[in-house]
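Participant: Mind looking at a prediction? Sequence and model below.
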Amino acid sequence: GRVSGGIYLTSDDDDGGHTALMATAFASYSWANPLHAGLWPTLDQYETEVIRMTASLVSSYSPGESKGDRVHGTMTSGGTESIMLAIKAHKDWYGNRRFIRHPELICGSTAHAAVDKACEVMGIRKVVVQCDPLSFTIDPEMVKRRITANTILIYASAPNYPQGTIDPIQDLSAIALKYDIGLHVDACLGGFILAFAQKLPKYSSLIPKFDFTNPGVTSMSIDTHKYGYASKGTSVVLYRDKSLRQAQYFPYADWTGGLYATPTFAGSRPGALVACAWAALVSIGRDGYEKRTQQILETSQKIVDGISQIQDLHVLGGFQDKETAARFANKTGLANRLPPQIPTMVVSFASD
């Protein structure tokens with residue numbers, strides 16, 4: 001709990017044997033490879049359950065349901081791959097169906113650098129909307145003005161990594177529905193925090209709708225290796241529609257070695273990390289995540305309150321959404337409203 005943005009485990013977790021549990025799970029599946037699902041059927045079950053448990057946090061789907069309308073997904077190596085796969089799926093699904101030769105993606109200036117990586121690799125034009133210099137959120141009206149016949153996707157953050165603020169997902173959802181384009185919500189950092197904060201009476205009314213309860217949201221990315229407390233590196237990318245998830249896959253039938261198909265960019269993957277993610281989610285459970293979330297939000301509030309008592313320091317972005325990060329500036333930077341000139345510090349919190 002003392003390394004910002006790098007280690008999310010606290011000393012309390014370690015005293016409870018969480019690190020030892022991760023080591024045991026890893027050792028049990030050190031040689032496992034999800035590429036060969038038939039050799040490790042239990043591992044395939046672990047992966048399915050991690051996806052379902054994560055999906056249940058951001059949709060109306062319950063892990064106990066076997067059928068019905070629910071989101072679909074896959075496990076990945078981390079947030080960057082989840083984001084890139086979501087962009088790839090939208091490019092193939094929306095772009096190919098509409099014969100778009102020069103696809104475009106709209107995002108705010110706070111969007112994760114994985115968006116730049118995806119656009120560079122896939123030949124997508126990134127259309128950037130400058131975020132407000134104090135709220136650090138994207139303006140839906142500016143997004144609407146940037147939409148063209150080539151737009152395949154709007155990218156939003158819940159929250160963004162640098163400033164910890166949440167984009168207006170509900171407004172962006174309405175825009176995505178109106179223009180029949182995709183909307184990806186990057187909840188890699190805050191997915192677990194926001195989902196469990198919604199269940200806490202003190203914070204539930206302060207958390208905006210950021211997930212699949214917004215009908216225009218077509219995909220989400222949530223990292224299990226951050227506030228899911230799983231070993232690095234695992235993440236989950238989720239889709240509202242199964243056909244959109246299929247657009248993420250890579251099948252190749254003309255290889256001399258036979259059919260080659262993978263759900264993600266990687267071929268072989270470390271099955272040990274899948275086992276670690278499953279063990280983390282099952283061992284901590286809903287009660288454990290709610291407890292950790294409350295500790296994190298209370299710690300954030302204490303720091304924000306402390307900053308407000310220091311002369312000429314002002315919290316930027318506000319704490320109305322109970323983000324896991326606070327960004328603050330001195331009086332001069334606040335008056336200028338120019339991000340490059342604002343002396344800032346970004347602090348992310350664990351519960352310790």
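Facilitator: Received the coordinates, thanks. Numbering: from 1, shown residues only.
Participant: CA only for contacts and neighbour counts going forward, please
Facilitator: OK.
Participant: Near Thr256, how many residues? Count them for me, please.
Facilitator: 7 (other Cα atoms under 10 Å).
Participant: Please apply the same query to the one 10 residues further on.
Facilitator: The burial metric for Ala266, expressed as a neighbour count using other Cα under 10 Å, is 11.
Participant: One more: Ala275?
Facilitator: Neighbours of Ala275 (other Cα under 10 Å): 28.
Participant: Surely it forms part of a helix?
Facilitator: Yes - assessed by DSSP: H, G, I helix; E, B strand; the rest coil, Ala275 belongs to a helix.
Participant: dump the residue contacts of the nearest residue to it once chain neighbours are set aside.
Facilitator: Leaving out its chain neighbours, the residue that sits closest to Ala275 by Cα to Cα, 6 or more residues apart in numbering is Ala25, at 5.8 Å. Taking Cα atoms under 8 Å, 6 or more residues apart in numbering, we find Ala25 in contact with Ala272, Ala275, Cys276, Ala279.
Participant: Check the secondary structure at Ala25 for me.
Facilitator: Strictly by three-state DSSP, Ala25 counts as helix.
Participant: Sketch out the low-pLDDT regions of the stretch 1-150 of the chain for me.
Facilitator: For the stretch 1-150 of the chain, residues meeting the criterion pLDDT under 70 lie at 1-4, 11-15, 60-69.
Participant: now the helices for it?
Facilitator: Per DSSP state H, counting those that start in this stretch, the stretch 1-150 of the chain carries helices over the ranges 11-15, 18-28, 41-57, 79-90, 96-97, 114-122, 140-146.
Participant: how about those helices, which one is nearest Ala195?
Facilitator: Nearest of those to Ala195, taken as Cα to Cα: helix 41-57 at 5.7 Å.
Participant: what's in contact with the closest one?
Facilitator: So helix 41-57 is in contact with 32, 34, 37, 61-63, 71-75, 192, 195-196, 222, 236, 238, 271, 274-275, 277-278, 281, going by Cα under 8 Å, 6+ apart.
Participant: Would you show me how to pick out the buried ones of those in ChimeraX?
Facilitator: Applied in ChimeraX, the following selects the buried portion of these according to 16 or more other Cα atoms under 10 Å:
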select :32,34,61,63,71,72,73,74,75,192,195,196,222,236,238,271,274,275,277,278,281
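Participant: Out of the contacts of helix 41-57, which sit inside strands?
Facilitator: Among the contacts of helix 41-57, DSSP state E puts His72, Gly73, Thr74, Met75, Ile222, Val236, Leu238 in strands.
Participant: And the residues you listed, which two are furthest apart?
Facilitator: Using Cα to Cα, the ones in strands among the contacts of helix 41-57 span at most 13.0 Å, a distance reached by His72 and Ile222.
Participant: residues near His36, how many?
Facilitator: Other residues near His36 number 14, with proximity taken as other Cα under 10 Å.
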